[in-house]
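Engineer: Generate a structure from the sequence data that follows.
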Amino acid sequence: MVEKNQSHKVSIIMHTYNRAGLIMETIESICKQTYHNWELLIVDDGSEDNTDELVAQLNDERVHFHKAGRTGIGGKNKNIGLKLVKGELIAFIDSDDLWSETKLDKQVEAMNQYSEAGFCLTNGYNFREPGKPAEYFYPEREGAKYDNIFVELFQSKVAAFTQALLFRKECLDHTGPFKEEKSFSDIEFIVNLAAHFKAVILFEPLVFRRLHDSNYITPNWEKSYFEGIEIIKSYKGKLPSDVAKNALFRTYMNFGENYLTHHRQKKATSWFLKAWRYKPLSIVPFKKTVKAILYYLRDK
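Structural biologist: Here you go, the predicted model:
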């Protein structure tokens, strides 16, 4: 079983920018994998720190460093990596996140078990201090699920993180690469996979996402919502009507809540009212609108 498990080469793509303070811890979590048949393709997005010097000190022929120049586009860097992969299976990791030592082992085993699955996702958690979970992706901690998860992605039942993804290289023949014109193309890539293939979800926490002030999404949260709305609308024709409406309702409400946390009450009210159109009988947008108005009056 072990020999069969180790026979599939896994290509891991990591794009990075100025993460010298964290990247070696991330690489260490890869080097500790109980699954050894992998290659790590580090695509550097024009780092101005000593990332390249640190990686050069590694004595592991499986680790490859590629200078891409500054693009600032995560999808483009991932696509550069996709052109370089030699493995049958492909995974991604951000240069500040961590993996359980058995992450690849258990995902490859799952892909062997479910030969019709195009990809596999795992549970995990967000953290600020290593070893201290802040929030899990799923409430389940064990077991697996094999199914078509396309609709569930729009019901917020699936955590669409590329750090938790392992997929078959041949899937790219159907999905194509990442969208380079978008800042947040990860979710759409996984949605596209789910539109073509069934998936395996492992509920054991195997991926650990580091939260910090320099996370890319922190200053770009507005753009992430706009692109999320665009994804829902682009797949609207393939979704049950109620699923699409509920997805837009939740996204608009969450958008409004984020504006409230940033003390932008007028914007918050606008998005709460937009959400109301999708659930005109719901009292929640009304309550949130009143809350936004009260906050606005308080801050004047």
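
Engineer: Tell me which stretches of the stretch 51-200 of the chain form helices.
Structural biologist: 51-56, 74-82, 103-113, 150-153, 172-175, 186-196 (DSSP state H, counting those that start in this stretch).

Engineer: Relative to Lys198, how far out is the residue nearest the centre of the chain?
Structural biologist: What sits nearest the mean C-alpha location of the chain, by Cα atoms, centre = their mean, is Phe161, with 2.2 Å. With the distance defined as Cβ to Cβ, to the nearest Å, Phe161 ends up 19 Å from Lys198. For glycine as for every other residue, the C-beta is placed from the backbone atoms N, C-alpha and C.

Engineer: One more: Gly176?
Structural biologist: Shown here: Gly176 relative to Lys198, a distance of 19 Å by Cβ to Cβ.

Engineer: With neighbour numbers in mind, choose between these two.
Structural biologist: Taking other Cβ atoms under 10 Å, Gly176 and Lys198 do not tie; Lys198 has more neighbours (16 against 11).

Engineer: beta partners of that one?
Structural biologist: Taking DSSP bridges as the rule, Lys198 bridges to Ala117.

Engineer: Surely it and Phe150 touch.
Structural biologist: No. Contact between Lys198 and Phe150 fails when scored by Cβ atoms under 8 Å: they sit 9.2 Å apart.

Engineer: and the longest helix along the chain, what other elements does it pack with?
Structural biologist: If you go by DSSP state H, the chain has its longest helix at helix 241-261. Using 3 or more Cβ pairs under 8 Å, 6 or more residues apart in numbering; DSSP states H and E, the elements in contact with helix 241-261 are helix 221-234, helix 265-276, helix 284-299.

Engineer: from the chain's centre, how far out does the second one sit?
Structural biologist: This means helix 265-276. Mean-position distance between helix 265-276 and its chain equals 27 Å (Cα atoms, centre = their mean, to the nearest Å).

Engineer: now stretch 120-132
Structural biologist: Its chain's C-alpha centre and that of stretch 120-132 lie 12 Å apart, by Cα atoms, centre = their mean.

Engineer: Identify each buried residue in it, please.
Structural biologist: Within stretch 120-132, the residues that count as buried by 16 or more other Cβ atoms under 10 Å are Cys120, Leu121, Thr122, Asn123, Gly124, Tyr125, Asn126, Phe127.

Engineer: pLDDT of it, averaged?
Structural biologist: The pLDDT scores in stretch 120-132 average 94.

Engineer: ok, now stretch 169-183?
Structural biologist: Average pLDDT, stretch 169-183: 94.

Engineer: Turn the helices and strands packed on helix 241-261 into JSON lines, columns for distance to Ile23.
Structural biologist: Below are the helices and strands packed on helix 241-261 laid out as JSON lines (distance: least, Cβ to Cβ, whole Å):
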{"stretch": "helix 221-234", "distance to Ile23": "23"}
{"stretch": "helix 265-276", "distance to Ile23": "36"}
{"stretch": "helix 284-299", "distance to Ile23": "40"}
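
Engineer: looking at those helices, which is buried most?
Structural biologist: Mean neighbours per residue, mean count of other Cβ atoms under 10 Å, is largest over those for helix 265-276, with a mean of 20.

Engineer: Show me the contact partners of that helix.
Structural biologist: Applying Cβ atoms under 8 Å, 6 or more residues apart in numbering, the contact partners of helix 265-276 are 248-249, 252-253, 255-257, 259-260, 282, 285-286, 288-289, 292-293, 295-296, 299.

Engineer: Report the inter-axis angle for it versus helix 284-299.
Structural biologist: Taking axes from the mean of the first three to the mean of the last three Cα atoms, to 10 degrees, one finds helix 265-276 and helix 284-299 inclined to each other by 170 degrees.

Engineer: Give me the angle between helix 265-276 and helix 241-261.
Structural biologist: 170 degrees.

Engineer: residue ranges with poor pLDDT in this protein?
Structural biologist: 1-5, 216-217, 300 (pLDDT under 70).
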